[in-house]
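# predicted model follows, preceded by the sequence.
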Amino acid sequence: MPRPMKWRKVCCLPESNKFGPLNSTSYDKDYVNMTVDEYEAIRLIDLEGFTQEECAKQMNVARTTVQGIYIEARKKLAESLVNGKVLLIEGGEYRLCNGFGEGCGRGCRRHRQGNGKYL
């Protein structure tokens with residue numbers, strides 16, 4: 001029997017969940033679906049500068065899990081950019097943090113003010 005899926009902690013949903021070519025007129029099968037937890041791994045590692053170990057702690061999963069999530073997210077980003085496909089961010093096995101700082105660190109967007117500083 002496989003181990004049950006461990007929920008990945010995500011601090012916020014993306015402000016926009018659809019990205020793609022500006023000249024795209026149709027919403028057909030030419031899209032790539034990225035999960036919210038994959039988006040969070042990209043945000044923490046590439047934007048916030050976390051190591052995979054720090055990202056794993058923030059998301060409450062093992063480092064090897066983060067590594068797999070991150071590799072898959074980068075493949076999806078590359079496919080969207082190189083092949084001109086729409087990128088949709090939705091779904092996945094995640095739970096939003098409660099915003100009260102319980103286990104959240106420097107990467108939690110819910111603890112920031114409008115000027116980019118943490119509360």
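Received it, and whenever you're ready, just let me know what you need.
# how about the strands of the protein, start to end?
8-10, 18-19, 31-34, 86-89, 94-96 (DSSP state E).
# just checking, what packs against the last one?
Other elements packing on strand 94-96 under the criterion 3 or more Cβ pairs under 8 Å, 6 or more residues apart in numbering; DSSP states H and E are strand 8-10, helix 36-42. Just so you know, the C-beta spots here come from the backbone N, C-alpha and C atoms, and that holds for glycine as well.
# and what of the shortest one?
Other elements packing on strand 18-19 under the criterion 3+ Cβ pairs under 8 Å, 6+ apart are strand 86-89.
# packing partners for the strand it packs on?
Applying 3+ Cβ pairs under 8 Å, 6+ apart, one finds that strand 86-89 makes contact with strand 18-19, strand 31-34, helix 36-42, helix 63-83.
# so which of those comes closest to E93?
Set against E93 and scored by Cβ to Cβ, the helices and strands packed on strand 86-89 come closest in helix 36-42, at 6.5 Å.
# show residues contacting that closest one.
8, 10-11, 13-14, 55, 59, 66, 69-70, 72-74, 76-77, 89-94 (Cβ atoms under 8 Å, 6 or more residues apart in numbering).
# any idea of the pLDDT on G91?
Note for G91: predicted pLDDT of 91.
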